[in-house]
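A.B. asks: build the 3D model from these lines:
(one chain, ligands or ions: 1)
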Amino acid sequence: MSELNKIALQILSNGKGILAADESTATMTKRLDSVKVHSDENNRLLFRQTLFSSLSMKECIGGVILYDETIRQKTSNGKTIPELINSSGSLTGIKVDTGAKTLAGSKEEKITEGLDGLRERLKEYYKLGARFTKWRGVYLISDKYPSKLSVSANAHALARYAALVQEAEMVPIIEPEVLMDGDHSAKVCYEKTSEVIKKCYEELQLNNVDLSGTILKPNMILPGENSKNKISNEEVAELTLECLKNNVPSEVPGIAFLSGGQTEIEATTNLNQINKKNNTKFIMSFSYGRALQQSALKFWSKDINDISGTQEVFDHRAKMCTLAAQGKWSENLENKK
Ligand code: 13P
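C.D. replies: Next up is the predicted model:
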């Protein structure tokens, strides 16, 4: 077993998943504005260190993805943030792309940037304590999108990123996110996501990436958020499993879904169904941002010094996600607080 494979398994085994706390300063400011908390360095640190020192970190969170600002911060008792994360047995990850920019040649679409200077930045992040990384490609759905150009350019960038990350002895999370925006059906999401994932693995293989030392972070197969044709959680699970079984090579050890705008309960219910029906050899877990933090953020915003109250809210959500990652979640457990 390679070192990278061990790291990937350590992050996702036994129902553990990933806390995606890597919002850029602009995105975090939007989140804090929405609950009327001023976005400054101290408040961003306070909220995040509150989550990272929660009890559930030990049992439920195998890895935390950070943003550049956070990996360099120290907690109020002097530990660095990576030291705090490691103290509960969890691993530190870092978002290394520099954001999705307008794709020249198809201006309504995006291409993720950040390859220039990446080799040097990765060395620094490793020294700061990172052992895994994230890069997010983003794809629109409409009758003409994603274009062949977007599918191919984003897959190429993801693969070159992954090869550099493995060279730096870290596990790359490959995140091709097909967005929920639009009124398309789940069937269309299934087709477009299949095309996107297939192309990513073509490029990853071309770049000699060791797939056993990677984690895939895909979207679930869902109808667009404005679609009138809603489907059941069982159908979401079946379509998602079918898509991944057909397009992800068997060497990949684990899949950690993004929540992508689903509510906390939707993201938990769907993950639970996926695990109940999981007929693949992949671990199916979570790498949630909003679906792990939303309630905790809302609670915290009422009194930013109520650390233990905020942690209780976060611990409950993290436990529910861990149960779902094992197909053991139920509505009864959800409501038993
Ligand atoms: P959400 O779970 O809020 O979609 O965030 C996951 C993530 O890391 C998106 O890049």
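
A.B. asks: helix or strand: which one has residue 310?
C.D. replies: With secondary structure defined by DSSP states H and E, residue 310 is part of helix 307-324.

A.B. asks: other SSEs contacting that helix?
C.D. replies: For helix 307-324, the contact count by 3 or more CB pairs under 8 Å, 6 or more residues apart in numbering; DSSP states H and E identifies strand 17-20, helix 41-52, helix 57-60, helix 264-276, strand 283-288, helix 290-302, helix 331-335 as packing neighbours. In short, each C-beta sits where N, CA and C put it, glycine included.

A.B. asks: and the first one, what does it pack against?
C.D. replies: This means strand 17-20. Secondary-structure packing of strand 17-20 (3+ CB pairs under 8 Å, 6+ apart): strand 61-66, strand 283-288, helix 290-302, helix 307-324.

A.B. asks: in its sheet, what does it sit against?
C.D. replies: strand 61-66 (parallel), strand 283-288 (parallel) (DSSP bridges).

A.B. asks: can you put those in CSV and add mean neighbour count, mean pLDDT and distance to the ligand?
C.D. replies: As requested, the strands paired with strand 17-20 are exported to CSV (neighbours: other CB atoms under 10 Å; pLDDT from 0 to 100; distance: least, CB to the nearest ligand atom, whole Å):
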stretch, mean neighbour count, mean pLDDT, distance to the ligand
strand 61-66, 28, 99, 6
strand 283-288, 27, 98, 4
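
A.B. asks: quick check: residue 180 touching residue 221?
C.D. replies: No - Residue 180 is beyond contact range of residue 221, at 10.7 Å (criterion: CB atoms under 8 Å).

A.B. asks: more neighbours, these two?
C.D. replies: Shown here are residue 180 and residue 221; by other CB atoms under 10 Å, residue 221 has more neighbours (27 against 20).

A.B. asks: who touches that one in this structure?
C.D. replies: Contact analysis of residue 221 by CB atoms under 8 Å, 6 or more residues apart in numbering lists 186, 189, 190, 193, 236, 239, 240, 243.

A.B. asks: rerun that using 10 Å as the cut-off
C.D. replies: Contacts for residue 221 were tallied using CB atoms under 10 Å, 6 or more residues apart in numbering; they are 178, 186-194, 231, 235-244, 270.

A.B. asks: now the angle from the longest strand seen in the chain to strand 283-288?
C.D. replies: Taking DSSP state E as the criterion, the chain has its longest strand at strand 130-139. Orientation note: strand 130-139 sits at an angle of 80 degrees relative to strand 283-288 (axes from the mean of the first three to the mean of the last three CA atoms, to 10 degrees).

A.B. asks: partner strands of strand 130-139, with direction?
C.D. replies: Using DSSP bridges, the strands paired with strand 130-139 in its sheet are strand 91-95 (parallel), strand 171-178 (parallel).

A.B. asks: buried residues, whichever helix or strand comes after that strand. List them.
C.D. replies: As assigned by DSSP H and E, the chain's next helix or strand after strand 130-139 is helix 148-167. Neighbour counts over helix 148-167 (16 or more other CB atoms under 10 Å) mark 150-151, 153-166 as buried.

A.B. asks: list the buried residues in the helix holding residue 310.
C.D. replies: Across helix 307-324, burial judged by 16+ other CB under 10 Å covers 310-324.

A.B. asks: so which of the contacts of residue 221 are also by the ligand?
C.D. replies: For the ligand, no contacts are drawn from the contacts of residue 221 by CB under 6 Å from any ligand atom.

A.B. asks: enumerate the residues of this protein near the ligand.
C.D. replies: Residues of the chain lying near the ligand (CB under 6 Å from any ligand atom): 20, 136, 175, 258, 259, 260, 288, 289, 290, 291.

A.B. asks: list the contacts for the last one?
C.D. replies: If I follow you right, that is residue 291. Taking CB under 10 Å, 6+ apart as the test, what residue 291 contacts is 20, 257-268, 270-271, 317, 320-321.

A.B. asks: contact partners for residue 77?
C.D. replies: Residue 77 neighbours (CB under 10 Å, 6+ apart): 49, 53, 84.

A.B. asks: which of these sits closest to residue 211?
C.D. replies: Nearest to residue 211 among the contacts of residue 77: residue 84, at 31.1 Å, using CB to CB.

A.B. asks: neighbours around that closest one, how many?
C.D. replies: Counted with other CB under 10 Å, residues neighbouring residue 84 total 21.

A.B. asks: let me know the secondary structure of it.
C.D. replies: Taken by DSSP: H, G, I helix; E, B strand; the rest coil, the conformation at residue 84 corresponds to helix.

A.B. asks: just checking, it touches residue 71?
C.D. replies: No - the pair residue 84 / residue 71 is not scored as a contact, 11.2 Å apart, by CB atoms under 10 Å.

A.B. asks: checking residue 7 next. Helix, strand or coil?
C.D. replies: Secondary structure, three-state DSSP: residue 7 is helix.

A.B. asks: for the ligand, what's the nearest residue on the stretch 51-200 of the chain?
C.D. replies: residue 136 (4.4 Å; CB to the nearest ligand atom).

A.B. asks: residue closest to the middle of the protein?
C.D. replies: With the centre of the chain defined as its mean C-alpha position, the nearest residue by CA atoms, centre = their mean is residue 287, 3.6 Å away.

A.B. asks: from memory it sits against residue 65, does it?
C.D. replies: Yes - counting by CB under 10 Å, residue 287 touches residue 65, with 7.2 Å between them.
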